[in-house]
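*Asks:* Let's see this in three dimensions:
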Amino acid sequence: MTPSARHNIVVASQHRGERIDRFLATAIDGISRTRAQSLIAGGQVLVDGNVVQASRRLLGNETIEVVVTAAKPSSI
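*Replies:* Sure thing, here's the model as predicted:
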């Protein structure tokens with residue numbers, strides 16, 4: 001079983017218009033924008049209970065639920 005962490009974030013109105021991937025990269029320690037995009041694509045990020053795309057712009061006052069699992073090792 002892969003360890004995971006859950007984050008529930010209420011978006012302040014000052015973040016209105018910001019892309020969700022960029023917001024998550026600053027809101028969660030240790031998460032890059034690329035990693036945020038991967039979590040979003042994997043359905044591990046919900047905004048008000050709905051799956052979203054990385055390009056989604058925040059409106060403010062939304063609730064974001066994020067399940068961060070360990071990143072898969074690179075096969076390089």
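
*Asks:* Which parts of this protein are helices?
*Replies:* 20-27, 33-41 (DSSP state H).

*Asks:* can I get the ones you listed in CSV with mean pLDDT, distance to V10 and mean neighbour count?
*Replies:* Where you see a C-beta, it was placed from the backbone N, CA and C, and this is true even at glycine. Output for those, formatted as CSV (pLDDT from 0 to 100; distance: least, C-beta to C-beta, whole Å; neighbours: other C-beta atoms under 10 Å):
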stretch, mean pLDDT, distance to V10, mean neighbour count
helix 20-27, 97, 11, 19
helix 33-41, 96, 17, 18
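
*Asks:* Pipe those into a markdown table and attach distance to V66 per row.
*Replies:* Converted to a markdown table, the helices of the chain look like this (distance: least, C-beta to C-beta, whole Å):
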| stretch | distance to V66 |
| --- | --- |
| helix 20-27 | 7 |
| helix 33-41 | 6 |
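
*Asks:* Relative to I64, which of the ones you listed is closest?
*Replies:* Among those, the nearest to I64 by C-beta to C-beta is helix 20-27 (7.2 Å).

*Asks:* Render the CA-only coordinates of the closest one in CSV, please.
*Replies:* The C-alpha trace of helix 20-27 is given here as CSV (Å, rounded to 0.1, in the frame of the first residue of the first chain):
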residue,chain,number,x,y,z
ILE,A,20,-5.2,25.4,-9.6
ASP,A,21,-1.9,23.7,-10.5
ARG,A,22,0.1,26.9,-9.6
PHE,A,23,-1.9,27.4,-6.4
LEU,A,24,-1.3,23.8,-5.2
ALA,A,25,2.5,24.2,-5.9
THR,A,26,2.6,27.1,-3.4
ALA,A,27,-0.1,25.8,-0.9
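
*Asks:* so where's this structure uncertain?
*Replies:* 1-3, 71-76 (pLDDT under 70).
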